[in-house]
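J.: Please find the sequence and the predicted model below.
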Amino acid sequence: MSESMKAVRIHKYGDPDVLTFEAAPRPEPKETELLIHIRAAGVNPVDWKTRTGMASRLLPEDPFPLILGWDVSGVVEAAGNLVTDFKAGDEVYGMVNFPGVGGAYAEYVAAPADHVSHKPTSVDHEHAAALPLASLTAWQALFEAGGLSPGQKVLIHAAAGGVGHIAVQLAKWKGAHVTGTASARNGAFLRELGVDEFVDYTTVKFENVVQDMDVILDSMSGETRERSWGVLKKSGILVTILRPSPEEAAAAHQVRAAHILVRPESNQLSELSKLVDAGQIKPVIDRVFPLKDARKAHEHIQEGHTRGKIVLRISE
């Protein structure tokens, strides 16, 4: 095997032009790691924020040259001596090395075995790569932090986006009553995913038509968050996936608040695989770009109107 690989790296923070398609050293797995031959990599908002330096807190002080990305789907090339759950040839997917240097925009990545799970068998690598960060974020926000249970009412902002469209499906699987906000063009899409109520935020103020929510999933912050406090019931909780954590504002409104930073969790990925294969969750892809066009992928996601996920095709 060659000691080099194709990758997209950055050598400084900046606009999409800093993304460079070039040769890079192929990583070597440690005893508890897998070497994964990546077939596809998911692109998330945190990727472009990291590229610009906005999310540099997730990285070492001097990470350059840096391979971005954390979502991968691929095939195990080799397993470390202490790995028992995976072997060469296994198809796996996961959110690897988060937080830290992910290394997903490349042909190979070395990743802890407990950051991945066996890939859902019913979808291809591109759809599997669309899942990990978004689905783990939705799971941990709704179920761990939010405590969402059957019969409760949940409001999901940006419901057509990467995290949002998975959160809608997970909440419906749990048996919750789901309200989603998005623009008008996503109304039919969200109804197909199962939302009970759709709010077109471009024409309607959600706080005028939504009330008594048990859980709110906040991926917007700003004035959207400020307008959200009033639609929670007194025992309700707003879970944000953005900083800062809003405990003071919650206390002022006599509700609860939580903030999560998503973490790798192989057991949850395994459960999500089962849900995908059972038809309960369907990852939706907005666009697929070849690895060499990572710049275009970043330009597209940075516009902020993605339906579902953007994916990089790494290899066949």
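T.: Yes, it's here.

J.: rest of the way, CA atoms for contacts and neighbours
T.: Fine.

J.: doesn't Ala106 make contact with Leu35?
T.: No: counting by C-alpha atoms under 8 Å, Leu35 does not reach Ala106; the two are 11.9 Å apart.

J.: Between these two, which has more neighbouring residues?
T.: Ala106 (31 against 24; other C-alpha atoms under 10 Å).

J.: who's in contact with the more buried one?
T.: Neighbouring residues of Ala106 by C-alpha atoms under 8 Å, 6 or more residues apart in numbering: Met5, Lys6, Ala7, Val8, Ile38, Ile67, Leu291, Ile314.

J.: From what I see, the first one and Tyr105 are in contact.
T.: By that I understand Met5. No: applying C-alpha under 8 Å as the test, Met5 and Tyr105 come out as separate, 10.8 Å apart.

J.: Of the two, which one has the most company?
T.: Set Met5 next to Tyr105 and count neighbours by other C-alpha under 10 Å: Tyr105 wins out with 30 against 15.

J.: What does the pLDDT read for that one?
T.: The per-residue pLDDT reported for Tyr105 equals 98.

J.: try Ser315
T.: pLDDT recorded at Ser315 is 86.

J.: now Met1
T.: Taking Met1 on its own, its pLDDT is 64.

J.: Where is the longest strand in this structure?
T.: strand 33-43 (DSSP state E).

J.: Put the alpha carbons of it into CSV.
T.: This file holds the C-alpha atoms of strand 33-43, laid out as CSV (Å, rounded to 0.1, in the frame of the first residue of the first chain):
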residue,chain,number,x,y,z
GLU,A,33,-7.8,2.2,16.1
LEU,A,34,-9.0,1.2,12.6
LEU,A,35,-7.6,2.3,9.3
ILE,A,36,-10.6,3.1,7.2
HIS,A,37,-10.6,3.3,3.4
ILE,A,38,-13.1,6.2,3.1
ARG,A,39,-15.7,5.9,0.4
ALA,A,40,-17.7,9.1,1.3
ALA,A,41,-17.5,11.9,3.8
GLY,A,42,-20.2,14.1,5.2
VAL,A,43,-19.9,17.9,5.1
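
J.: what about the helices in the stretch 1-150 of the chain?
T.: 45-52, 125-129, 132-139 (DSSP state H, counting those that start in this stretch).

J.: Between the ones you listed, which one is closest to Leu261.
T.: helix 132-139 (7.9 Å; C-alpha to C-alpha).

J.: what sits up against the worst-scoring helix or strand of the chain on mean pLDDT?
T.: For the chain, the helix or strand with the lowest mean confidence is helix 247-252, at a mean of 90 (criterion: mean pLDDT, DSSP states H and E). Helix 247-252 has contacts (C-alpha under 8 Å, 6+ apart) with Trp229, Arg256, Ala257, Ala258.

J.: can you dump the C-alpha coordinates of the helix or strand following that helix into PDB?
T.: Note on helix 247-252: by DSSP states H and E, the next helix or strand toward the C-terminus is strand 256-259. Presented in PDB, the C-alpha positions along strand 256-259 are these (Å, rounded to 0.1, in the frame of the first residue of the first chain):
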ATOM      1  CA  ARG A 256     -35.000  24.900  31.500                       C
ATOM      2  CA  ALA A 257     -32.100  25.000  29.100                       C
ATOM      3  CA  ALA A 258     -29.300  22.700  28.000                       C
ATOM      4  CA  HIS A 259     -26.400  22.800  25.600                       C
END
